[in-house]
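**Student:** Sequence first, then the predicted structure, then my questions.
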Amino acid sequence: MENLVVLLELAYSAGSPSISDVMRLGFQREVQEERGWFSFLRGWCINVADRLVYLNTIIEELEYCLRNMFAAQLLVALRSGDDIVFVDAIMYFKAIRDFEAQKLENLQLFLRASEMEVTRRMQFAARFNVM
């Protein structure tokens with residue numbers, strides 16, 4: 001029943017009883033919806049990429065402090081065994097960074113698949129535009 005309602009709404013919005021006009025409008029709406037999703041994915045990719053830069057900076061700072069304990073002492077009061085804390089923190093942030101890098105790779109793969117889907121839907125919409 002829901003599909004029938006959508007079809008009737010499309011026919012009404014198209015302003016024409018012609019099935020080609022209804023199909024053209026349907027594909028145009030699909031393209032618009034996919035472009036909105038596409039925009040969201042791009043924004044999410046930028047967000048994850050920024051997070052990767054942030055995590056890399058934290059890791060670099062921790063590694064610097066581990067190599068140069070005097071510099072670390074200027075920032076915090078060190079105790080015996082704090083070098084192990086630095087190593088643990090570095091490993092922790094590297095694990096998070098690796099997870100975020102994998103997430104970014106997956107998002108980019110999904111983005112490429114979405115690009116292909118938008119192109120395909122635009123091709124279908126174009127076919128109905130010439131009718």
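**Tutor:** Nice, I can see it.

**Student:** quick one: secondary structure of the residue of the chain positioned farthest from its centre?
**Tutor:** Counting by C-alpha atoms, centre = their mean, the extreme residue of the chain relative to its mean C-alpha position is residue 80, 42.7 Å from that point. Per DSSP: H, G, I helix; E, B strand; the rest coil, the secondary structure class of residue 80 is coil.

**Student:** tell me the pLDDT at it?
**Tutor:** Model confidence at residue 80, given as pLDDT, is 71.

**Student:** ok, now how distant is it from residue 93?
**Tutor:** From residue 80 over to residue 93 the distance is 23 Å, taken as C-beta to C-beta, to the nearest Å. All C-beta spots, glycine's among them, are computed from the backbone N, C-alpha and C.

**Student:** Also residue 69?
**Tutor:** The value you get for residue 69 to residue 93, if C-beta to C-beta is used, is 19 Å.

**Student:** Same check on residue 33?
**Tutor:** Here the distance between residue 33 and residue 93 works out to 38 Å (C-beta to C-beta).

**Student:** And those two? Which one has more around it.
**Tutor:** Between residue 33 and residue 93, residue 93 has the larger neighbour count (other C-beta atoms under 10 Å), namely 19 against 12.

**Student:** All good on my end, thank you.
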